[in-house]
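Peer 1: Pasting a predicted model and its sequence here:
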Amino acid sequence: MSFLRFINRNRLTVTFVLLGLLIFLFVIIPLAKMIFASASDAGTLWETILDPVVTGAIGLTLYAALISTVVGFVLGIPLAYLLARHNFPGKRLVEGLIDVPIVVPHTAAGIALLFVFGRRFFLGQAFEAVGITFIDSLAGIVVAMIFVSIPFLIDSAKEGFKKVDVRLEKVARTLGASPWQTFFRISFPLAWRSILAGNIMMWARGISEFGAVIILAYHPMIAPVLVYERFETYGLDYARPIAVLLILVSVIVFIVLRTLAYRGDKS
Amino acid sequence: MIELNDLSVDLGEFVLKNITLSINEGEYFIILGPTGAGKTVLLESIAGLYPIKSGKIWLRGKEVTKVEPEKRKISIVYQDHVLFPHLSVKKNIVFGLKMNKATTDEQENRVEWVAELLGISNLLHRRPDTLSGGEKQKVALGRAIVTQPELLLVDEPLSALDPETRENVQQELRQLHRELGITILHVTHDFEEAIALGSRIAVIGEGRLMQVGTPEEIFRHPNSEFVARFAMTRNIFPGKAEKKSNGDTVFKVDSAEFIIATEANGAHHASIRPEEILISTEPIRSSARNCFPGTITHILDKGSTLYVTVSMPPELSCMVTRHSFEELGLHEGQRVYVTFKASSIHLFD
């Protein structure tokens, strides 16, 4: 009786909990099912871990995503700061365009990148002249990853800079700090939390990229492409162990980074 | 020392026009104006933090209109402290010294000196978010003066503080000024604060400079309706407190003696709010201990309320409602009585 009354009094909460549970299970069950199915077949998983093709692909994925995050950091933070601090005509347009990669289908993004970084456009030709090609190369993977993941970094860093009181920068200037010193000693450290979160998001998004990468660089093979190739060539059973490994690595890395970022928050 | 020459600042919504002002070396200069008069922007313009539309700024005989803020040697203290939240108190204070490439020894010495001066030595290792409002304001002051700026700008430094802390920080400001001889430019909307601290006052309103003068001149001879309105909200009298043989403490203004409720050590000004003064045509017998005869010299009609100036002397500004104004039939030249409580008299330095 009292249980029914509890439900009756908390109808909104109960409904939302049920709906929330549904979507939570939807996310968790496929991941859990796959991991447990693999665990029962530990031999295959172990073999996969020892397979140099697989470890090479996963290593390449993490590495390429790291490079793209570093490039994104160097080029993205200044833009994020400009967008947070200055008003200029067309600012809304710039902000909108920066987010476009989030909504563009990633294979389409790959095609667009191919046009610019391929051999038919001057940019691709210019890079080729100095020995950098984007077709089937690490550079191609990095370019694809940057394109699809940079919005996460810029948006997060921009919000971080916006939260820094402009007057902190003003006080720093009156105390003798140049604009550069003010940025590196005041604005940047105070926005660091958001910048770090943006970097983690960018890196994670890079690791998970498939569509844009496969158009530019089927080889060298990053892990998502390898999963796809094994699935296409040999079927589900051969693709699954790699997929499991990839998920485990991603989740562990993600948790570790988030924990580190969170711990910094408390101090 | 610092001269503003026909300075104009465009704020989009409103404009600060043709401000010409000259502040002397070592002066405690107050800019007084209502909230939203652009006082903060004026300070930021002087510090080089806000682009000015036209005009020139001179600092110690050098034009600094286009000089970067970090090269002006002008420090600023904001109303809500604006301490660097990621740095300890000590690192906040030392920031300016580091930027000016002081040696480590020099940094230590100067921080120690400032901490001692402001009584914040025990706070040096705390983080800003653990400090009280008054402590934060002292740290902000310390951070601003440690670089020995040529001019210190303070933006409503007392407004965010509770009354007791306000008194304390006000004391601190006065002492800093006296001991260091530093030139201070202080903006406020509080008339009493202006009188208490300022050697001279500039009143701004409606985007313009309305009047510049000593506190005395501003409240004795306001040059416009606007300034008068600011001054009219307070009766402020220079004078002296005295202990009488009958046990009363009185405050002597001209030939008049107001009975006051508090011990008045060292106070040199008294103020009475116009709304706390009662006007009557006959002497009133009540618990209020101050009752004086006087003559109405001026009537300012503000609609539902009126400001009636009664000369005892001194001249007292009294607020009356239209209802009682008409009922009493008040007019200029009339003999009336003013009555107010001893506790209505506010004393300050």
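Peer 2: Nice, I can see it.
Peer 1: Could you see whether chain B lies near stretch A:157-174?
Peer 2: Yes - using Cβ under 8 Å from any Cβ of the partner chain, stretch A:157-174 reaches chain B at A:165, A:167-168, A:170-174. (C-beta placed from N, C-alpha, C; glycine too.)
Peer 1: and that stretch, how far from the chain's centre?
Peer 2: Stretch A:157-174 sits 26 Å away from the centroid of its parent chain (Cα atoms, centre = their mean, to the nearest Å).
Peer 1: mind checking which helix or strand the closest residue in space to B:Glu106 that isn't next to it in sequence is in?
Peer 2: Closest residue to B:Glu106 apart from its sequence neighbours, by Cβ to Cβ, 6 or more residues apart in numbering or on different chains: B:Leu97 at 6.8 Å. Of the helices and strands defined by DSSP states H and E, B:Leu97 is found in helix B:89-99.
Peer 1: what's next to stretch B:261-277, contact-wise?
Peer 2: B:192, B:195-196, B:232-241, B:249, B:251, B:253, B:258, B:260, B:307, B:316-319, B:338-349 (Cβ atoms under 8 Å, 6 or more residues apart in numbering or on different chains).
Peer 1: Can you point out the buried residues in it?
Peer 2: With burial defined by 16 or more other Cβ atoms under 10 Å in any protein chain shown, the residues of stretch B:261-277 counted as buried are B:264, B:267, B:269-274, B:276-277.
Peer 1: from those, which single one is nearest B:Leu185?
Peer 2: B:Leu185 has its nearest neighbour among the buried residues of stretch B:261-277 in B:His269, at 21.7 Å by Cβ to Cβ.
Peer 1: Can you give the contact residues for stretch B:172-184?
Peer 2: Applying Cβ under 8 Å, 6+ apart, the contact partners of stretch B:172-184 are B:1-2, B:23-29, B:117-118, B:138, B:141, B:145, B:149-154, B:157, B:186, B:197, B:349.
Peer 1: Next step: these restricted to helices.
Peer 2: Judged by DSSP state H, the subset of these located in helices is B:117-118, B:138, B:141, B:145, B:197.
Peer 1: list the contacts for A:Ala223?
Peer 2: Contact analysis of A:Ala223 by Cβ under 8 Å, 6+ apart lists A:54, A:57-58, A:60-61, A:207, A:242, A:246.
Peer 1: give me every residue that touches the residue nearest to B:Glu106.
Peer 2: With Cβ under 8 Å, 6+ apart, B:Leu97 has these contacts: B:106-107, B:110-111, B:146-147.
Peer 1: for those, which one is nearest B:Leu83?
Peer 2: B:Val146 (13.3 Å).
Peer 1: Any stretches of chain B with poor pLDDT?
Peer 2: B:12-13, B:220, B:222, B:225, B:228-229, B:231-234, B:263-267, B:348-349 (pLDDT under 70).
Peer 1: List, one by one, the residues from it near chain A.
Peer 2: Chain B has residues B:44, B:47-49, B:68-70, B:72, B:74-76, B:78, B:82, B:84-86, B:95-96, B:99-100, B:143-144, B:147, B:149 near chain A, with proximity defined as Cβ under 8 Å from any Cβ.
Peer 1: Any of these buried? List them.
Peer 2: Those of the residues of chain B next to chain A that meet the buried threshold are B:44, B:47-49, B:69-70, B:72, B:74-76, B:78, B:82, B:84, B:95-96, B:99-100, B:143-144, B:147, B:149, by 16+ other Cβ under 10 Å.
Peer 1: These in helices, which ones?
Peer 2: In helices, judged by DSSP H, the following of these are found: B:44, B:47, B:95-96, B:99, B:143-144.
Peer 1: what's the distance between B:Leu173 and B:Gly198?
Peer 2: To B:Gly198, B:Leu173 is 11 Å away according to Cβ to Cβ, to the nearest Å.
Peer 1: what sits in contact with each of these two?
Peer 2: Overlap between the contact sets of B:Leu173 and B:Gly198, as judged by Cβ under 8 Å, 6+ apart, is given by B:His186.
Peer 1: ok so, going back, sort out which of the residues of stretch A:157-174 next to chain B are buried, if you could.
Peer 2: Of the residues of stretch A:157-174 next to chain B, these count as buried by 16+ other Cβ under 10 Å: A:167-168, A:170-174.
Peer 1: secondary structure class for the residue in the stretch 1-150 of chain A that chain B sits nearest to?
Peer 2: Closest contact between the stretch 1-150 of chain A and chain B, by Cβ to the nearest Cβ, is at A:Asn87 (10.7 Å). Under DSSP: H, G, I helix; E, B strand; the rest coil, A:Asn87 falls in the coil class.
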